Each structure stands twice: as structure tokens, then as C-alpha cells.
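Chemist: Sequence first, predicted model second:
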Amino acid sequence: MSCILNIETSTQSCSVALSLDSRVIFDRIILQGSSHAANLGIFVLETIEFAKKKNLMIEAVAISEGPGSYTGLRIGASLAKGLCYGMEIPLIAVPTLKIMARHVIDSLQVDEENIYFCPMIDARRMEVYSAVYDKNLLPLREVCSEIINENSYNSYFSKGKICFFGDGASKCKTVINSKNALFIDNISPLATMIPPLATKAFHAGEFVDTAYFEPFYLKEFQATVAKNRLL
């Protein structure tokens, strides 16, 4: 039996879930607004209190490792590390795009062979963080940052259908026009999606080094200066 505290902060959504052998037994979520700093600590505290009331011992912390929002990932990783040190438990890091793909594949339960899954996270303008998986969650193309155009996925369309989902996919609907393109709405990475992959990693002993773990930012953070800033 594994009791895992799961944290997801890679997008505008902020969520925490407590899982018991992959089954979510408690969760907290806010979907909109960059409020990770204000809400994440409260959600984690509520989750820990729930575990105490149920006489459950949290055995690991699992975090969605990115790519995604630099600030969100950093806040999530900092709190996850603090929890692991304080509770003396291991840290599990799960790729964010893989979390999304696993959720969609499990939800659709597809039988056809030539169908691929492409989670996309918005990276501003027409750029997205994306990857491509087959129905067995095997990566056909590793995570990358790409600017989408009408020819971006032609090599996959010639072989079968692709399911696009995530906040980055919605802005690509007007650009990707193939009849083999399927768009699934309202898919955002959430802590409730992490447990299947986190539980598998827990039982396999696949933990990351808490001291040296860094989120998968994919791109370096670029600070900007407000145009109306007084000199």
C-alpha cells in the first residue's frame, strides 16, 4: 500500500491530491489564476490534516515536473522538497505531458492501432510544449518546444489520427486542419491525474534526489521590465 501526496503547479491550475494505491481519496484544486503561492501551502496543510484524521502515513511526495510555468513549477518544487525533508520521505517526479497523456488514454480506452496522443501546454503566441505518445504511453517524440504551423504533424497524419489536448492545443485548432486531427477540450494537468504514474514509480523505487532535483523548465526564465516603470 502506498500513500502519496501529489502536487501539480505547471499551469494556471493549482492542485493537490492524496492517493492510496493510485486511488484519490482527497483533493484540493483551483483552476484559474496565478495563485500558487497563496493556495498551495493551504491545500497541502489541508491534505496533511486529512491524512492524520484517517491515521494514514504519507510515504512520498509526487510532483508534476514540467514543462510549464516557470514560477508555478518553482513554487511546487520548493514546497515538495520542504515536505520531503521535513517528513523524511522520498520525492517522485513525473513528466507533466505524460501525466496528461495517461489520463486521456485511460479515459478514451481506444482500440485502434494507428492513433497518437499529443499533449500541449501553452508557451505563448503559437509556441507550445508538446510530445507524442502511442496508445501504450510509449514516447514517439520526446518533449520539445515548437512553433505550430499547418505542416507540423504531417508525418503523423499520414500514418493515422492524432488526439491533441491541453491549453496549448486549443489555439492550434485554426492552424492544424487535417481530417486526422482530433481535439479534446478541457484537459489540464491536475494532481488527481498523477497517482497512477506516481504509484508505479513508488513501487519501482524510482525516486529523484531531493537535494538536486530541478523542475523541467525546458526554456530558461526571461525576466521582463514593465513598460510603465519609472526610471
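Modeler: Noted; the coordinates are in hand.
Chemist: Can you show me the helices along this structure?
Modeler: Ranges of helices within the chain are 36-53, 70-87, 96-108, 154-157, 195-204, based on DSSP state H.
Chemist: Thr199 and Ser19 touch, don't they?
Modeler: Yes - Thr199 is in contact with Ser19 according to Cβ atoms under 8 Å; the separation is 6.8 Å. Any C-beta I mention is one placed from the backbone N, CA and C, and that applies to glycine too.
Chemist: anything in contact with each of these two?
Modeler: 2, 4 (Cβ atoms under 8 Å, 6 or more residues apart in numbering).
Chemist: and of the helices of the chain, who's closest to Ala181?
Modeler: helix 154-157 (7.1 Å; Cβ to Cβ).
Chemist: Domain-wise, how is this structure divided?
Modeler: For the chain, the structural domains run 3-95+189-204, 97-184, going by automatic domain parsing.
Chemist: Now the first one: average pLDDT?
Modeler: Think domain 3-95+189-204. If you average the pLDDT over domain 3-95+189-204, you get 96.
Chemist: Could you work out the end-to-end span of it for me?
Modeler: 15 Å (Cα to Cα, to the nearest Å).
Chemist: Equivalent analysis for the last one, please.
Modeler: End-to-end distance for domain 97-184: 15 Å, by Cα to Cα.
Chemist: And for the residue nearest to Ser170 when sequence neighbours are not counted, the neighbour number?
Modeler: Spatial nearest neighbour of Ser170, excluding adjacent residues (Cβ to Cβ, 6 or more residues apart in numbering): Asp185 at 7.0 Å. If you count neighbours by other Cβ atoms under 10 Å, Asp185 ends up with 9.
Chemist: Asp185 contacts Lys173, correct?
Modeler: No - judged on Cβ under 8 Å, Asp185 makes no contact with Lys173 at a distance of 9.7 Å.
Chemist: Identify the residues contacting the residue nearest in space to the middle of the chain.
Modeler: Computing the C-alpha centroid of the chain and ranking residues by Cα atoms, centre = their mean puts Thr96 first, at 2.8 Å. Applying Cβ under 8 Å, 6+ apart, we find Thr96 in contact with 8, 10, 64-68, 119, 121, 189, 216.
Chemist: cool, Leu190 as well?
Modeler: By Cβ under 8 Å, 6+ apart, Leu190 lies in contact with 8, 13, 15, 17, 29.
Chemist: do that again at 10 Å, thanks
Modeler: Contact partners of Leu190, counting by Cβ atoms under 10 Å, 6 or more residues apart in numbering, are 6, 8, 11, 13-17, 24, 27, 29, 31, 64, 99-100, 103.
Chemist: quick one, phi/psi of it?
Modeler: Dihedral angles of Leu190 (phi, psi; degrees, to the nearest 10) stand at phi -130, psi 160.
Chemist: Distance check, it against Ser178.
Modeler: As judged by Cβ to Cβ, to the nearest Å, Leu190 and Ser178 stand 29 Å apart.
Chemist: for Ile48, same thing?
Modeler: From Ile48 over to Ser178 the distance is 47 Å, taken as Cβ to Cβ.
Chemist: and what of Cys144?
Modeler: 20 Å.
Chemist: who's more crowded, the two?
Modeler: The neighbour count for Cys144 versus Ser178, taken as other Cβ under 10 Å, is higher for Ser178 (15 against 12).
Chemist: what's the nearest residue to that one if we skip its chain neighbours?
Modeler: Excluding its sequence neighbours, the residue lying closest to Ser178 (Cβ to Cβ, 6+ apart) is Phe157, at 4.5 Å.
Chemist: quick one, what contacts that neighbour?
Modeler: By Cβ under 10 Å, 6+ apart, Phe157 lies in contact with 116, 151, 176, 178-181.
Chemist: Before I go, just wanted to say thanks for your time.
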